[in-house]
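Novice: Sequence plus the predicted model coming up.
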Amino acid sequence: MEKLIIEGGRPLYGEVKISGAKNAALPLMAATLLSPGRHILRNMPDLRDTRTFIRLLANLGVKSERTGNVLVLDTTDILHTEAPYELVKTMRASVLVLGPLLARFGKAKVSLPGGCAIGARPINFHIMGLERLGVTCKLEGGYVDAAIEGPMRGDVIYFDIPSVTGTENLLMASVLAEGTTVLKNAAKEPEIGNLVDMLNGMGANIEGRDTDRLTVHGVSSLSPADCAIIPDRIETGTYLIALAATGGAGTVTNCNPAHLPSLLEKLRDVGLRISETESTISLDWPKREDKQQRLGNVDIKTMPYPGYPTDLQAQFMALMSLSSDTCVINETIFENRFMHVAELHRMGARIKVDGHFAVVTGRGMSGLSGAQVMATDLRASSSLVIAGLAASGRTEISRIYHLERGYENLVDKLTGLGARVWKEQE
Ligand code: EPZ
């Protein structure tokens, strides 16, 4: 296995280009199963998770060819409708093939994804919604064995919690159903808007984009997609926080500032100067001449979009470890998303966790020192990278396969900002 080495304590400066969003690419790849033909997905990031999804689709019979960041998926010849445990266990988003396979073939057998470091990650809302549409779901042997005779019948589905992949799965399941389906208390993340645009571009009839009420008027068939994946708002936020944590300044390009309303306000709250154009965000300090920048502090409460994203909670905690005061971070989405705290402790961070709350007592911009730490999940590992870039001395991060799931060309992008970072064999 490889580890990441960072010689920290150097301000980052310059420009970094954002890739396509992992959490949009995965549902859009699943949606190609809805109709036979050659589908074109543009701005496709090359990540461990997208490569895993291509393998999952290939197992079903889908042919793929990638040219640069354009991926063509030919879903004409589907061999079977089963997603095996070996593939699903490495990436929970595999459950997203359930809806489209049922919509097109009336059957699907998909391994239950199982939990992960951040929580139990149940899929009961996915199952509830499919059953409302007339599907019979049998849970046995660690699999969901789902089937329906004939087309699904539209119905009203209410989400107790606005589940992102739950909304995506049921959108894809209902586009070919008879009648109308209404998803209430649906998730409103930008990735769902990207999926709605793709499906409507294929001939679906979905109203309510960007709201918590999606109305799907079933159609009889769909045609292949030609769709662009939106920029990755979590990657965008991660690089902005890294620039701030190192006392540097710079511009993130090929991004969409409108997808980060909460983070940009929080960065302003802690004293940074943020300016936006349609596709760039620039971060700077009010008084550049100050040698030792001072970071204010602000409380964070993670919420469904447009609230503060849970996927940027760990990164902001690393930043607040460098502030000059105390703040409270409240993680409301997942039950175990403070795995990064123990590792940040090893770098000198002062954080006290009590259930869903973490109290962070900042130690100033030079408060962290390099250490050997271990990545536990995708976003926790990016918070360790941020801490390592800000810390004095050398940080070694093991198990970096977690990072490679969601950050394209991380070493190149950080090096381009002036970071001293490289990979070594463990
Ligand atoms: C998506 O996961 C993202 N993954 C996650 O990003 C993200 O953290 C999460 O949404 C929240 O924004 C992808 O899009 C591939 P949820 P998802 O269903 O859909 C509970 C990353 O780092 N719930 O919105 O699995 C669940 O336990 C990943 O890129 C049920 O109880 O999240 C959680 O507490 C991590 N039953 C809450 O709802 C269900 O059937 C929100 O989960 C489904 C969810």
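Specialist: Received, thanks. In this text, all values refer to a predicted model and were calculated from it rather than measured experimentally.

Novice: Near the ligand, which residues of the stretch 101-250 of the chain? Just list them.
Specialist: 119, 121-126, 161, 163-166, 187 (Cβ under 6 Å from any ligand atom). Yep, even glycine has a C-beta here, placed from its N, CA and C like the rest.

Novice: In CSV, list the residues you listed along with secondary structure.
Specialist: Output for those, formatted as CSV (DSSP: H, G, I helix; E, B strand; the rest coil):
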residue, secondary structure
Gly119, strand
Arg121, coil
Pro122, coil
Ile123, coil
Asn124, helix
Phe125, helix
His126, helix
Ile161, coil
Ser163, coil
Val164, helix
Thr165, helix
Gly166, helix
Ala187, coil
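
Novice: Would you mind putting these into a markdown table with pLDDT and neighbour count alongside?
Specialist: Shown next, in a markdown table, are these (pLDDT from 0 to 100; neighbours: other Cβ atoms under 10 Å):
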| residue | pLDDT | neighbour count |
| --- | --- | --- |
| Gly119 | 89 | 13 |
| Arg121 | 87 | 16 |
| Pro122 | 90 | 13 |
| Ile123 | 94 | 21 |
| Asn124 | 95 | 11 |
| Phe125 | 97 | 21 |
| His126 | 97 | 26 |
| Ile161 | 97 | 12 |
| Ser163 | 98 | 21 |
| Val164 | 98 | 20 |
| Thr165 | 97 | 25 |
| Gly166 | 98 | 26 |
| Ala187 | 98 | 20 |
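
Novice: can you tell me which of those lies nearest to Thr236?
Specialist: Closest approach between these and Thr236, by Cβ to Cβ: Val164, at 17.5 Å.

Novice: Surely the closest one and Glu191 touch.
Specialist: Yes. Using Cβ atoms under 8 Å, Val164 is in contact with Glu191, at 7.0 Å.

Novice: residues shared between the contacts of those two?
Specialist: Asn23 (Cβ atoms under 8 Å, 6 or more residues apart in numbering).

Novice: And the helices in the stretch 101-250 of the chain?
Specialist: 124-132, 164-174, 190-201, 233-245 (DSSP state H, counting those that start in this stretch).

Novice: Tell me where the model's unsure across the stretch 201-350 of the chain.
Specialist: 289-291 (pLDDT under 70).

Novice: burial count for Ile206?
Specialist: Residue neighbour count, defined by other Cβ atoms under 10 Å, stands at 20 for Ile206.

Novice: what do you get for Gly114?
Specialist: If we define neighbours as other Cβ under 10 Å, then Gly114 has 12 of them.

Novice: Hmm, Gly134 and Arg153 touching each other?
Specialist: Yes. Using Cβ under 8 Å, Arg153 is in contact with Gly134, at 4.9 Å.
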